[in-house]
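Trainee: Quick one, structure for this:
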Amino acid sequence: MKVILGLGNPGKEYADTRHNVGWWVVDHLADAWRFDGWRKDGEALTSSGLVGRVKVRLVKPQTFMNLSGAALKPWLRRPFWAAATDLLVVSDEVQLATGTWRFRSRGSAGGHNGLKSIEQALRSQEYARLRIGVGPAEAQRQVGDLADYVLSDFGKGERESVRALLPTLEEALRLWTSEGIEKVMNQFNR
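Mentor: Here you go, the predicted model:
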């Protein structure tokens, strides 16, 4: 089974924040792929279904960002599941301009507390990730307090530029379920 884990913070006050774009993606996938409704599963909400012939589970951790790795505990005990091939984590990335993205097959957390928690749970940096840009344009690179910035709501134009990415990202993630991250990086990274 493939797992797509979207990072975010629980609570209505965080729903439209930059830090919750991972949840936006998995919510879009659940709708586009017509998966079952979200249900409580340990430390997460999950939705499952088939993408082609591949079983896929979408996961939204219900802990705060810096404890997101707890949602992976049930998966770490599965004998035929490997994070390097069966997990893709979707997160926000302040170093990328809003409206952009980057797929990677492995790498460091880059200061992102949610990714640090994932790495800690997996004891590895070997897992695919999709980083969605939430940062300002190059000319406005100063964001002030980083925590305040990522926990703030998008402006209307920024929100729409992220939402406009969702159909393309859905196509890329569909490809990941059947072909893996290398194929996705070759076809979808800008």
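
Trainee: Make sure I have this right: D27 is in a helix.
Mentor: Yes. When DSSP: H, G, I helix; E, B strand; the rest coil is applied, D27 is found to be in a helix.

Trainee: how many other residues sit next to it?
Mentor: Counted with other C-beta atoms under 10 Å, the neighbours of D27 add up to 18. In this view, the C-beta of every residue, glycine as well, is placed from N, C-alpha and C.

Trainee: residues contacting it?
Mentor: G6, K60 (C-beta atoms under 8 Å, 6 or more residues apart in numbering).

Trainee: do the same with V21
Mentor: Contact partners of V21, counting by C-beta under 8 Å, 6+ apart, are G8, V90, S91, D92, I132, V134, V162.

Trainee: OK, contacts around the residue lying closest to S161 once chain neighbours are set aside?
Mentor: What sits nearest to S161 in space, not counting adjacent residues and going by C-beta to C-beta, 6 or more residues apart in numbering, is G99, at 3.8 Å. Taking C-beta under 8 Å, 6+ apart as the definition of contact, the neighbours of G99 are G133, E158, S161, V162, A164, L165.

Trainee: Isn't T98 up against F154?
Mentor: Yes. Under the criterion of C-beta atoms under 8 Å, T98 lies in contact with F154, with a separation of 7.4 Å.

Trainee: Can you tell me the closest non-neighbouring residue to V94?
Mentor: Nearest one to V94, counting by C-beta to C-beta, 6+ apart, is G135 at 4.5 Å.

Trainee: hmm, back to that, in strands, which of the contacts of V21 fall?
Mentor: With strands identified by DSSP state E, the entries of the contacts of V21 that belong to them are V90, S91, D92, I132, V134.

Trainee: Mind putting those into TSV with pLDDT and neighbour count?
Mentor: Shown next, in TSV, are the ones in strands among the contacts of V21 (pLDDT from 0 to 100; neighbours: other C-beta atoms under 10 Å):
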residue	pLDDT	neighbour count
V90	98	27
S91	95	26
D92	93	25
I132	95	25
V134	88	27
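
Trainee: which ones are touching the closest residue to G49 other than its chain neighbours?
Mentor: In space, and not counting its chain neighbours, G49 is closest to F35: 3.7 Å by C-beta to C-beta, 6+ apart. Contact partners of F35, counting by C-beta under 8 Å, 6+ apart, are L29, S47, S48, G49, V56, L58.
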